[in-house]
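**Student:** output the structure for:
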Amino acid sequence: MSEHMNWRGKVLALVILVIAAGLLVFGIRLYDREEKLDPAVTQVIAENERPTASRPESLADKYADLGLIDVHNHDAYKYLLSFPTWNRYHVGKIVLFGNISEPSAMITDALAWGAYNQYPDRIYPFFSGFNMFEEEGLQTVRNQLEKGFLGVGETVAASSNSPVLANVIWKASDSMDGNLPKVYELCAEYDAPILLHIDPPSGMQIEKLEEALKQYPDTLFIFAHANVYQDADSIGKLLESYSNLYIDFFAGFTSYNPASPYKTESYIDLIEQYPDRFFLSTDGAYDMTYDEAIPAMYETIELLKPETRKKVASGNFQRIIDAQRPTKTQLKLFEKLGGSVGTGADPATLSRHEMNKLLFKLDAASKNSVDK
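**Tutor:** Below is the predicted model of the structure:
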């Protein structure tokens, strides 16, 4: 009983911390309101902020039209503070979640969904808060996917080396542990990718990942930050054998972390060999700043062939999102809020993401009419 109460106490403390953080962010938003400036002053500011060749934003400006997607970002609890940086570097969309594989992730999952509701043209929400060892965790996965979440993860399928993940209580010992196989089945049912953290990326852990890839060929697996302590040849062998594997390439690690045994340049030939299977990410600028993590993505893009750049920057991930169909829960809510009669939209032509955007608008309009 005492352990149960301790757990509840910790969750309550986390809720209080999140609320406090929300109030802080709200205060920052009020403080950071756009002021009405003299046009001449505005022009001077714009000139001074324009990227130059010597600034890290220069490549971002060069490739702004690629609509870069950061496919792995933990900033659900502070996304409003991150937006100015994302805008400065022309990051088009962000796959957003927060904490991972522990009860507190349920809170940051809710924050990610709230961010999606407010900024559906910029945010793609994933979730990680589910107990992979209990049946109720499987129901959570189904409920979240039915709600309209676009992917699962980051999920800790194995971690022996990461100090950050040393004590998370919902992490697996390998990619086939607990109810992960049933989670993979749900992902296949909903065409939702799963982002897996696996460390170390070698030995038995890779063997178990291969077992999952082989047994669940209809599931889309994303190997989180696969280039961290893993060479191009090892990644290439997996890509050659399993067409349902995609690579989250954390360019900032190979470019700016001195602990990396490999450099970004050593992966370029592999990316060109599998141009439809790579994404780019910042991992929430883990162990570095965004002024390193985001430019590193553009530096990688610069090394690629012109025909590969758009695919890796955004096209590959967007293709997965566009292929997801609306869920039964979404369709029921669509009809409840007015459906095709009120909007003229045909749900058969909408992706899950497009349906979410429409539902957000319908729900807001419904609430406004009640208030009036």
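**Student:** is the residue nearest the centre of the chain in a helix, a strand, or coil?
**Tutor:** Geometric centre of the chain, nearest residue: Val95, 2.5 Å, by CA atoms, centre = their mean. The three-state label given to Val95 by DSSP: H, G, I helix; E, B strand; the rest coil is strand.
**Student:** quick check: the gap between it and Ser340.
**Tutor:** According to CB to CB, to the nearest Å, Val95 and Ser340 sit 30 Å apart. To be clear about C-beta, it is placed using only N, CA and C from the backbone, and glycine gets the same treatment.
**Student:** pull the distance from the helix or strand hosting Ala293 to the chain's centre.
**Tutor:** Here Ala293 is covered by helix 290-303, with elements defined by DSSP states H and E. Relative to its chain's centre, helix 290-303 lies at 17 Å (CA atoms, centre = their mean, to the nearest Å).
**Student:** buried ones in it?
**Tutor:** Neighbour-count burial for helix 290-303, counted by 16 or more other CB atoms under 10 Å, picks out Tyr290, Asp291, Glu292, Ala293, Ile294, Pro295, Ala296, Met297, Tyr298, Glu299, Thr300, Ile301.
**Student:** the fourth one and Ala285 touch, don't they?
**Tutor:** Put plainly, it is Ala293. Yes: with contact defined as CB atoms under 8 Å, Ala293 counts as touching Ala285 (4.1 Å).
**Student:** show me what contacts the nearest residue to Phe250 once chain neighbours are set aside?
**Tutor:** Spatially, and ignoring its direct neighbours in sequence, Phe250 is nearest to His225 (3.9 Å; CB to CB, 6 or more residues apart in numbering). Residues near His225 by CB atoms under 8 Å, 6 or more residues apart in numbering: His72, His197, Asp248, Phe249, Phe250, Phe253, Ser281, Asp283.
**Student:** strands of the chain, start to end?
**Tutor:** Counting by DSSP state E, the chain has strands at residues 68-73, 91-96, 123-127, 151-159, 194-199, 221-223, 245-250, 278-281.
**Student:** contact partners of the shortest one?
**Tutor:** Contacts of strand 221-223 with the rest of the structure, by CB under 8 Å, 6+ apart, involve 71, 153, 184, 193-196, 198, 201, 209, 212-213, 235, 238, 242, 244-248, 279.
**Student:** let's go with 6 Å and repeat that
**Tutor:** When contacts are defined by CB atoms under 6 Å, 6 or more residues apart in numbering, strand 221-223 is touched by residues Pro193, Leu195, Asn244, Leu245, Tyr246, Ile247, Asp248.
**Student:** the first one too?
**Tutor:** Identification of contacts with strand 68-73 by CB under 6 Å, 6+ apart yields 91-96, 248, 279, 281-284, 313-314, 317.
**Student:** what about Ser159, distance to Ile320?
**Tutor:** Distance from Ser159 to Ile320, by CB to CB: 25 Å.
**Student:** residues of stretch 222-237 that come out buried?
**Tutor:** When burial is assessed from 16+ other CB under 10 Å, stretch 222-237 yields the following buried residues: Ile222, Phe223, Ala224, His225, Ala226, Asn227, Val228, Tyr229, Gln230, Ala232, Ile235, Gly236.
**Student:** how long is it from one end to the other?
**Tutor:** Stretch 222-237 has its terminal residues 15 Å apart, counting by CA to CA, to the nearest Å.
**Student:** and that stretch, average pLDDT?
**Tutor:** What stretch 222-237 shows for mean pLDDT is 98.
**Student:** picking up where we left off before, from the contacts of strand 68-73, which is closest to Ala345?
**Tutor:** The shortest gap between Ala345 and any of the contacts of strand 68-73 belongs to Lys93, at 21.9 Å (CB to CB).
**Student:** how close does the closest one sit to Ala365?
**Tutor:** Taken as CB to CB, the span from Lys93 to Ala365 is 25 Å.
**Student:** neighbour count winner among the two?
**Tutor:** Lys93 (21 against 14; other CB atoms under 10 Å).
**Student:** still on that earlier bit, want to throw the strands of the chain into JSON lines with distance to Ser175?
**Tutor:** Below are those laid out as JSON lines (distance: least, CB to CB, whole Å):
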{"stretch": "strand 68-73", "distance to Ser175": "18"}
{"stretch": "strand 91-96", "distance to Ser175": "20"}
{"stretch": "strand 123-127", "distance to Ser175": "18"}
{"stretch": "strand 151-159", "distance to Ser175": "4"}
{"stretch": "strand 194-199", "distance to Ser175": "7"}
{"stretch": "strand 221-223", "distance to Ser175": "9"}
{"stretch": "strand 245-250", "distance to Ser175": "12"}
{"stretch": "strand 278-281", "distance to Ser175": "19"}
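**Student:** those strands: which one's closest to Lys357?
**Tutor:** Lys357 lies closest to strand 123-127 among those, at 10.9 Å (CB to CB).
**Student:** what's the closest one packed up against?
**Tutor:** With contacts defined as 3 or more CB pairs under 6 Å, 6 or more residues apart in numbering; DSSP states H and E, strand 123-127 has these neighbours: strand 91-96, helix 105-118.
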